[in-house]
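**Student:** Need coordinates for the below:
(one chain, ligands or ions: 1)
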Amino acid sequence: MTRILITGAAGSIGRMLRTRLAQPGRALRLLDVVPQEDTGDGAELLTADATDLEAMTAACHGADAVVHLAGIPGERPWQQISAVNLDGTYIALEAARRAGVSRVVLASSNHAAGFSERGDGDLPADAAGAPDTFYGVTKAAMEAMGKLYHARFGMDVIALRIGSCFPEPFNVRSLATWLSPDDCGRLVEAALTAPSPGYRVVWGVSANTRRWWSLAEGEAIGYHPADDAEAHAARILAAQPEPDWAGDPDLYRAGGQFCRTELGGSSG
Ligand SMILES: NC(=O)c1ccc[n+]([C@@H]2O[C@H](COP(=O)([O-])OP(=O)(O)OC[C@H]3O[C@@H](n4cnc5c(N)ncnc54)[C@H](O)[C@@H]3O)[C@@H](O)[C@H]2O)c1
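**Tutor:** Residues are numbered from 1 along each chain as shown. Okay, here's the model as predicted:
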């Protein structure tokens, strides 16, 4: 029996993964700071703060891998976001190390590289950090922290630069950046099961026709997306002219409108 600890499990992506990662021979241990519903699926439910090293180390004991989702998913004042996202990443990796867990999957974000611009080819997943917000800084630091724990301690660390992970694409930009719930499940499954991946950064994006983020790094760990936001394009584009992908900064920058969000303000 393998055991996977998922932090931030009560959140949007955590709930998507709860059903998609369940399989025979695998136990899910679900941790969140808010109480979770016992759905009768046999998952072990923990209510704890992911920034509490003692609690996290205890939660990691007996686990084979950690999927670290707990965090604030948008822009906030620095003190607030660094306390959860930055400290929480250190705690997740350090707790895993102390408990002897050799693999950690980190929920990074396109906002770690938000000021990267669309070029001729696909943007590689290891494009240098170019954060667009304090939120993006915490995700760039998350990737650096993961790289440290791999280099120092030989842990397998896979940072997923997740785009827009929602049930459906909801605006023009998300026609390029959407990660479907099923592809999110496929991506995390690949990150959990790829043999000896070492340290990787991978885009979390579906096989969208309008995608400009590389899938090569994901394919290298066995992530083969099956969904395409284009299936929703007619609905989204019905009320507007064809978007100007090369001329609109919200479309040609990886971070979209986060690049013009007031620092420390709302996520926009
Ligand atoms: N949804 C997306 O499109 C997207 C895109 C890029 C990155 N991400 C990242 O993926 C992760 C999950 O995102 P989401 O959309 O599910 O967000 P969410 O807000 O729905 O879920 C986050 C969960 O983390 C929990 N949490 C927050 N602080 C905690 C703490 N100190 N201890 C324990 N639990 C805590 C919250 O209670 C919540 O259930 C986040 O790290 C986010 O930055 C999400």
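**Student:** center of this structure, which residue is that?
**Tutor:** Ala107 (2.8 Å; CA atoms, centre = their mean).
**Student:** In the stretch 151-268 of the chain, where is pLDDT below threshold?
**Tutor:** 266-268 (pLDDT under 70).
**Student:** sorry, back to before: what residues does the closest residue to the residue nearest to the centre of the chain other than its chain neighbours make contact with?
**Tutor:** Leaving aside its sequence neighbours, Ala107 sits nearest to Leu69 (CB to CB, 6 or more residues apart in numbering; 4.7 Å). All C-beta atoms are positioned from the backbone trio N, CA, C, and that covers glycine. Neighbour list for Leu69: 6-9, 11, 13-14, 17, 107 [criterion: CB atoms under 8 Å, 6 or more residues apart in numbering].
**Student:** which among those residues are in contact with the ligand?
**Tutor:** Counting by CB under 6 Å from any ligand atom, 7-8, 11, 13-14, 107 from the contacts of Leu69 sit close to the ligand.
**Student:** Dump those residues into TSV; add secondary structure and pLDDT as well.
**Tutor:** Shown next, in TSV, are the ones next to the ligand among the contacts of Leu69 (DSSP: H, G, I helix; E, B strand; the rest coil; pLDDT from 0 to 100):
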residue	secondary structure	pLDDT
Thr7	strand	99
Gly8	coil	98
Gly11	coil	98
Ile13	helix	98
Gly14	helix	98
Ala107	strand	99
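**Student:** Out of the contacts of Leu69, which comes closest to Pro35?
**Tutor:** Ala9 (11.1 Å; CB to CB).
**Student:** quick one: that closest one and Leu30 touch, right?
**Tutor:** Yes: assessed by CB atoms under 8 Å, Ala9 is found in contact with Leu30 at 3.6 Å.
**Student:** which residues are common contacts for the two?
**Tutor:** What both Ala9 and Leu30 touch, as defined by CB under 8 Å, 6+ apart, is the set 18, 36.
**Student:** From the chain's centroid, how far away is stretch 184-194?
**Tutor:** The chain centroid and the centroid of stretch 184-194 are separated by 11 Å, computed with CA atoms, centre = their mean, to the nearest Å.
**Student:** Format the CA atom coordinates belonging to that stretch as CSV.
**Tutor:** Taking C-alpha atoms only, stretch 184-194 is exported to CSV below (Å, rounded to 0.1, in the frame of the first residue of the first chain):
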residue,chain,number,x,y,z
CYS,A,184,-4.6,17.9,-13.6
GLY,A,185,-5.2,14.3,-12.4
ARG,A,186,-3.0,12.9,-15.2
LEU,A,187,-0.3,15.5,-14.5
VAL,A,188,-0.1,14.8,-10.7
GLU,A,189,-0.3,11.0,-11.4
ALA,A,190,2.7,11.3,-13.7
ALA,A,191,4.6,13.4,-11.2
LEU,A,192,3.9,10.8,-8.5
THR,A,193,4.9,7.8,-10.6
ALA,A,194,7.7,8.9,-13.0
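**Student:** Perfect, that will be all.
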